[in-house]
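> I'd like to go over a predicted model; first the sequence, then the structure.
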Amino acid sequence: MRIIRLSIGFALILSVAYNLMLHFGLDSDLPPISPGTRKMIRAENYIYNQNSADKIIVGSSVSAGLDDVAPEDWYVLSMQGESSATGLEIVLRSKKVPSVILVEMNVLERGVNNEKVNQLFSVARYSLAKFLPSFQNKNRISRILWKLPSSINEFQKNLRGIKTDISVQIKTDNLPSPEVVEQLLQERLIKFQKPLPKEVLNDNLSKLKSQLTELKAKGSSIYLFRLPEHPSIYSTTRMKQFIQTTDKSFSKTDWNWLPDANPNDFTTNDGQHLTYKSLAKYAEYLFSRLNQIQN
Amino acid sequence: MLFNSTEFVLLVCLTFVPYYLLPSKRFQVEILILASLVFYAYSNIWLLILLVFSAYINAFSSLKISNHVELKIKRFWAIAGVITNLSILGFFKYAGLISFTILGNTGSHGEFAHYIALIPLPVGISFYTFQGISLLMDTWSGNVQSDREQSQLRHFKHITFYICFFPQLVAGPIVKSHEFLPQIKDKRISQINWERCFKNLLTGYFLKIFVADNLKELTAWIEFPYFLGKSSVELTFMLFAFSMQIFADFAGYSLIAIGIAGLFGYKLPTNFNFPYISRSFSEFWRRWHISLSTWLRDYLYYPLGGNRRGRLRTYFNLFIVMFLGGLWHGAAWSFAVWGTAHGLFLAIERMITRKKHESAKSSQNIITILKMFFVFSMVTFAWLLFKLPDFTHVISYFTAIYSNVGIPISIPNLWYILFFSAAVIAYHFKAYLQESRQIFIPQKIQILIFSAMLFLLINDPGSQGDFIYFQF
């Protein structure tokens, strides 16, 4: 039993020490291990930060990249594999009322990811992560340790000189090969030839509407927008269905829509997600239109 | 129900308390059967029907084998029982594959094949079917002595318990009946070896939650066509990571199963013995998924004649056992190819070592390490078939390793792979030192290592995911 007692004891001491180090500002700039962790960090930063941004963007991976190009006073709560509804649910459950919310309307196949939201707000996890920062995904040991040994940083610098960057995939337009891009586009076109079942689409839109209505009532200004996709996607059955149904459910007389950009002016890397350069260009377009409307 | 879920921890606690604390020990087996049924039914209650049916068929057949004295009748019941087990496995696991192979993928026949493929695969069916066959073979060969005084009800109860025992129900280790049935007796809390259970559970959860679940995030890119955009270095690292992941996932599961069974007073066989320090393929199969390897050896390789019927027949036996072993892993031809590749490795190795008359057994460190590296590399290349079932995608992967030299490397990914794989490397290095140099870790250092494992487990867990071997 001695080995059990001592192992648990030392592990607790290590954990306390680690939490103290985090409390005193230990941090890392290493990108998260996966898109899944990246989205958890995004959600946790919003939930646990007392001074959350007053202007937020919610959506899926289509708008998640805006994080790198949006003005600094905006918080991007768009998450890969999720929808605007999940982001709005996080806003509602965290009891915060942003003054402006930009809602991406590209991905309507998904509703609220209740599993993920419940996980974030489960009493045990919420309380632990709130008081012990080591339970937040941004503070995972594998990220923090990256910072510590200087030799690793040297190694990183040396390699960076050759052909690497910790965020090379995101911040340059280093696209996958044209064959891969074409294949991904074709896969998407095939998928979009079939309409989404009506019930699914209506359920997702009505949930979104009720969330937005609630936030509107609390005082948030809501703006809806659609990022441009590959021009060929617009002639598919599903895209037509999406545009038609959303225009009906969220009519331009009752809701603020930001005007769509011309898809021919932008490039995607899979038919749906804009390349970094295109995203930066779109961000410029989006926020200038928003300013025009607000003024 | 996953071993790393809150529900499972709750189930173990709720079973543990009445199991030991009820004044009478008479109902211990019943308590574990009940817990096992809850465990199995948690995700899909209908699957219980098949599990109970399988237990009943095996109990009934084994009773018939042991009750009859006439050899002919004994043989009849043994064969009937084995055929029933294999038919159940064949229907639920291979019907889809066979229909697609025979009927094709298109047209009206193809539609029928698609319909057949919709038959759900009950989780753990490959494991409990093999345990059922083990029972019948052991009873037939006299390895399991059934107590003639024992009532039929008691026999059915014990066999149901043997088939259903929840720690090993869905992913092994595959326990042979002659190892398990003699252990069924009253258990007392004072008999628990807490230290061993703690070590097994901590190591198991560490391998699963810290290593495998984190590496899973990185190896997710081994999917067509996404891997085509990765650099050669990353592709190689990802393959290495998958090798680490599959070990950590499965060995982790086995250690948790052994630890949990230990809490209830049962000893399950060791399933992994540091396979990545193997110097030969035959050694690899003595160290990897030992319960399956020994099952295949005892109930397939030996009955086929083993190595007693000449050289050619031995190669054929090795080949066929590994082919079927591969197919046991999954209903896809890629698994058969994987098994065949290992069969080929074993046969070639046997040919070479025969010629060299074991002269290859060198004590030189460098040669040993080179051999280890070679075996590990070949095993790792073969794992790709687990991740990419389409053989053309496997070829594309290797082509990409060769051609994607110019694509920039993502340093964070390499760091994460090395960070999470380091534990598996250290785990094997420790075993290598113990085996080759007789160097053992002092208890004080062990405590520090366990503390660090616990600390990492708490502060850097991966996202919860199924165990890879659940699909088999």
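Great, that's in hand. Residues are numbered from 1 along each chain as shown, chains lettered A, B, ... in the order given.

> make it CA atoms for all contacts and neighbour counts henceforth
Will do.

> any idea how far A:Lys218 is from chain B?
35 Å (CA to the nearest CA, to the nearest Å).

> burial of the closest residue to that residue other than its chain neighbours, as a residue count?
Take A:Lys218 and drop its neighbours on the chain: the residue closest to it by CA to CA, 6 or more residues apart in numbering or on different chains is A:Val97, 6.9 Å away. Neighbours of A:Val97 under the rule other CA atoms under 10 Å in any protein chain shown: 18.

> what does the one 4 residues further on give?
The burial count assigned to A:Ile101 is 24, neighbours taken as other CA under 10 Å.

> for the one 3 residues further on, same thing?
By the measure other CA under 10 Å, the count of residues near A:Glu104 is 24.

> residues in the stretch 201-350 of chain B within reach of chain A, list them.
Contact residues, the stretch 201-350 of chain B versus chain A (CA under 8 Å from any CA of the partner chain): B:214, B:217-218, B:225-226, B:228-229.

> got the buried residues for whichever helix or strand B:Thr203 is part of?
Counting by DSSP states H and E, the element that carries B:Thr203 is helix B:194-205. Neighbour-count burial for helix B:194-205 flags B:194, B:196-205 (criterion: 16 or more other CA atoms under 10 Å in any protein chain shown).

> now do stretch B:20-34
For stretch B:20-34, the neighbour count (16+ other CA under 10 Å) marks B:20, B:28-29, B:32-34 as buried.

> tell me how far the helix holding B:Thr203 lies from the chain's centre.
Here helix B:194-205 is found 19 Å from its chain centre; the criterion is CA atoms, centre = their mean, to the nearest Å.

> what does it contact?
Contacts to helix B:194-205, defined as CA atoms under 8 Å, 6 or more residues apart in numbering or on different chains, come from residues A:1, A:3-4, B:4, B:251-256, B:258-260, B:262-263, B:450, B:453-454, B:457.

> tell me the mean pLDDT for it?
What helix B:194-205 shows for mean pLDDT is 94.

> could I get that helix in CSV with only the CA atoms?
What follows is helix B:194-205, C-alpha atoms only, in CSV (Å, rounded to 0.1, in the frame of the first residue of the first chain):
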residue,chain,number,x,y,z
TRP,B,194,-3.8,-4.0,-4.1
GLU,B,195,-0.4,-3.0,-5.3
ARG,B,196,-0.5,-5.2,-8.4
CYS,B,197,-4.0,-4.0,-9.2
PHE,B,198,-2.9,-0.4,-8.7
LYS,B,199,0.1,-0.8,-11.1
ASN,B,200,-2.0,-2.6,-13.7
LEU,B,201,-4.8,0.0,-13.6
LEU,B,202,-2.6,3.0,-13.5
THR,B,203,-0.4,1.7,-16.4
GLY,B,204,-3.5,0.7,-18.3
TYR,B,205,-5.3,4.0,-18.0
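
> against B:Thr129, how distant is B:Gly142?
Separation of B:Gly142 from B:Thr129 (CA to CA, to the nearest Å): 20 Å.

> neighbour-wise, which of these two wins?
With neighbours defined as other CA under 10 Å, B:Gly142 and B:Thr129 compare such that B:Thr129 has more, 24 against 13.

> ok, that one touching B:Ser87?
No - assessed by CA atoms under 8 Å, B:Thr129 is found out of contact with B:Ser87, at 10.0 Å.

> tally of neighbours for B:Arg308?
10.

> coming back round to it: now render the residues of the stretch 201-350 of chain B next to chain A as CSV, adding pLDDT.
Listed next are those as CSV, based on pLDDT from 0 to 100:
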residue, pLDDT
B:Asn214, 93
B:Glu217, 88
B:Leu218, 88
B:Pro225, 77
B:Tyr226, 79
B:Leu228, 81
B:Gly229, 79
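
> what helix or strand is the closest residue to A:Glu109 other than its chain neighbours on?
Closest residue to A:Glu109 apart from its sequence neighbours, by CA to CA, 6+ apart: A:Leu201 at 6.6 Å. Following DSSP H and E, one finds A:Leu201 within helix A:198-218.

> list the buried residues for that helix?
The neighbour-count check on helix A:198-218 (16+ other CA under 10 Å) flags A:201-202, A:204-205, A:208, A:211-212, A:215-216 as buried.

> return the residues of the stretch 1-150 of chain A in contact with chain B.
In this structure, the stretch 1-150 of chain A approaches chain B at residues A:1, A:3-4, A:6-12, A:14-15, A:30-31, A:33-34, A:134-135, A:140-142, A:146, judged by CA under 8 Å from any CA.

> on that earlier part again, which ones among the contacts of helix B:194-205 map onto helices?
Those of the contacts of helix B:194-205 mapping onto helices are A:3-4, B:251-256, B:258-260, B:262-263, B:450, B:453-454, B:457, per DSSP state H.

> A:Ala280: how many residues sit nearby?
As a burial measure, A:Ala280 scores 17 neighbours (other CA under 10 Å).

> please apply the same query to B:Ser436.
Using other CA under 10 Å, B:Ser436 has 10 other residues around it.

> in the chain, which helix or strand is least confident?
Here I'm looking at chain A. Using mean pLDDT, DSSP states H and E, helix A:168-171 stands out as the lowest-scoring helix or strand of chain A, at a mean of 38.

> other chain: chain B
None of the helices or strands of chain B scores lower by mean pLDDT, DSSP H and E than helix B:107-117, at a mean of 72.

> picking up where we left off before, of the residues of the stretch 1-150 of chain A next to chain B, just the buried ones, ChimeraX syntax please.
Those of these that count as buried under 16+ other CA under 10 Å are selected in ChimeraX with:
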select /A:3,4,6,7,8,10,11,12,14,15,30,33,34,134,135,140,141,142,146
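
> for A:Ile8, helix, strand, or coil?
Following DSSP: H, G, I helix; E, B strand; the rest coil, A:Ile8 is assigned to helix.

> isn't it right up against B:Leu454?
Yes - between A:Ile8 and B:Leu454 a contact is recorded at 7.3 Å, counting by CA under 8 Å.

> and residue 74, what are its phi and psi?
Since no chain was named, I'll use chain A. phi -100, psi 140 (degrees, to the nearest 10).

> if you could check chain B rather than the one you did, that'd help
Dihedral angles (degrees, to the nearest 10) for B:Lys74: phi -60, psi -50.

> export stretch B:152-162 as PDB, just CAs?
Provided in PDB are the C-alpha atoms of stretch B:152-162 (Å, rounded to 0.1, in the frame of the first residue of the first chain):
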ATOM      1  CA  GLN B 152     -26.700 -28.500 -14.000                       C
ATOM      2  CA  LEU B 153     -27.800 -25.100 -12.700                       C
ATOM      3  CA  ARG B 154     -24.400 -24.500 -11.200                       C
ATOM      4  CA  HIS B 155     -22.700 -25.600 -14.500                       C
ATOM      5  CA  PHE B 156     -24.800 -23.200 -16.500                       C
ATOM      6  CA  LYS B 157     -24.100 -20.400 -14.000                       C
ATOM      7  CA  HIS B 158     -20.300 -20.900 -14.100                       C
ATOM      8  CA  ILE B 159     -20.200 -21.100 -17.900                       C
ATOM      9  CA  THR B 160     -22.400 -18.000 -18.200                       C
ATOM     10  CA  PHE B 161     -20.000 -16.300 -15.800                       C
ATOM     11  CA  TYR B 162     -16.900 -17.500 -17.800                       C
END
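
> mind listing the helices for the stretch 151-295 of chain A?
Listed in chain order, the helices of the stretch 151-295 of chain A (DSSP state H, counting those that start in this stretch) span A:168-171, A:178-192, A:198-218, A:237-249, A:276-294.

> ok, back up a step: list the contacts of the residue nearest to A:Lys218.
A:Val97 is in contact with A:54, A:91, A:215, A:218-220, counting by CA under 8 Å, 6+ apart.

> do the same with A:Asn204
Going by CA under 8 Å, 6+ apart, A:Asn204 touches A:85, A:108-112.

> can you flag the buried ones in these?
With burial judged by 16+ other CA under 10 Å, the buried subset of those is A:85, A:108, A:110-112.
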